[in-house]
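> turn this into a model:
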Amino acid sequence: DFSTSRELCLNELNINTLLQPKVFTPIDKIDQKMLDRINLGSFRRHSKTLLHDRIVASLAKKLGASGATLLDDRNSIDLMARWHDNSEAIFEIKTVTMRSLPGRLRMAIGQIEEYAYRRSVTKKIKPEKIIVINTELPESAWQVDFLVKTMDIGLLCTPGEDHFLGYPPAGSTTGKFWSK
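As a prediction, this is how the structure comes out:
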């Protein structure tokens, strides 16, 4: 299982499978069962958006209490904090399940690396990068090791409202504000 194991599950690539025709069948009418599935999907997306916004608000309160100036960009950055010493941190929030964790972390890594790059190019500031997830991972989890030690990205777990467990990378100057 990729969510808990470091091991990759590699199989021989079958090019023929990739090239098999895939037929798209448009829905010509929607029955009640299909409508219920669509509504359930909409409800789940709405719930994730509400959870995402609650996590941002809770983290913003914590960082604001540390004296940080809080910023966001509704088209990209979920939350950025700037402290009086001009240190900055970008926080990318992801709502996850254990099943969705690997893909959501890959997405978050790409996003946060892009935002940090753009910030460093335009403002000549190198912000720290932190991914925030709504589930707790033990320090022994391979994802913690990968993000913190290999990618130099902090990880902040918030499994409950106002409960935070942080893993700052070595040399972090902002971890004292968000990791405790």
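> check contacts around Leu155.
By CB atoms under 8 Å, 6 or more residues apart in numbering, Leu155 lies in contact with Ile130, Ile131, Val132, Ile133, Leu137, Gln143, Val144, Leu147, Val148, Gly166, Tyr167. C-beta coordinates here come from the backbone N, C-alpha and C atoms, glycine included.
> for it, name its beta-bridge partners.
For Leu155, the beta-bridge partners are Ile131, Tyr167 (DSSP bridges).
> can you check the one 5 residues further on too?
For Gly160, the beta-bridge partners are His163 (DSSP bridges).
> re earlier: adding distance to Thr122 and neighbour count, write the contacts of Leu155 out as JSON lines.
Shown next, in JSON lines, are the contacts of Leu155 (distance: CB to CB, whole Å; neighbours: other CB atoms under 10 Å):
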{"residue": "Ile130", "distance to Thr122": "20", "neighbour count": "29"}
{"residue": "Ile131", "distance to Thr122": "22", "neighbour count": "25"}
{"residue": "Val132", "distance to Thr122": "23", "neighbour count": "25"}
{"residue": "Ile133", "distance to Thr122": "28", "neighbour count": "22"}
{"residue": "Leu137", "distance to Thr122": "32", "neighbour count": "19"}
{"residue": "Gln143", "distance to Thr122": "30", "neighbour count": "19"}
{"residue": "Val144", "distance to Thr122": "31", "neighbour count": "15"}
{"residue": "Leu147", "distance to Thr122": "25", "neighbour count": "24"}
{"residue": "Val148", "distance to Thr122": "26", "neighbour count": "19"}
{"residue": "Gly166", "distance to Thr122": "27", "neighbour count": "19"}
{"residue": "Tyr167", "distance to Thr122": "28", "neighbour count": "23"}
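> of all those residues, which comes closest to Met98?
Leu137 (9.7 Å; CB to CB).
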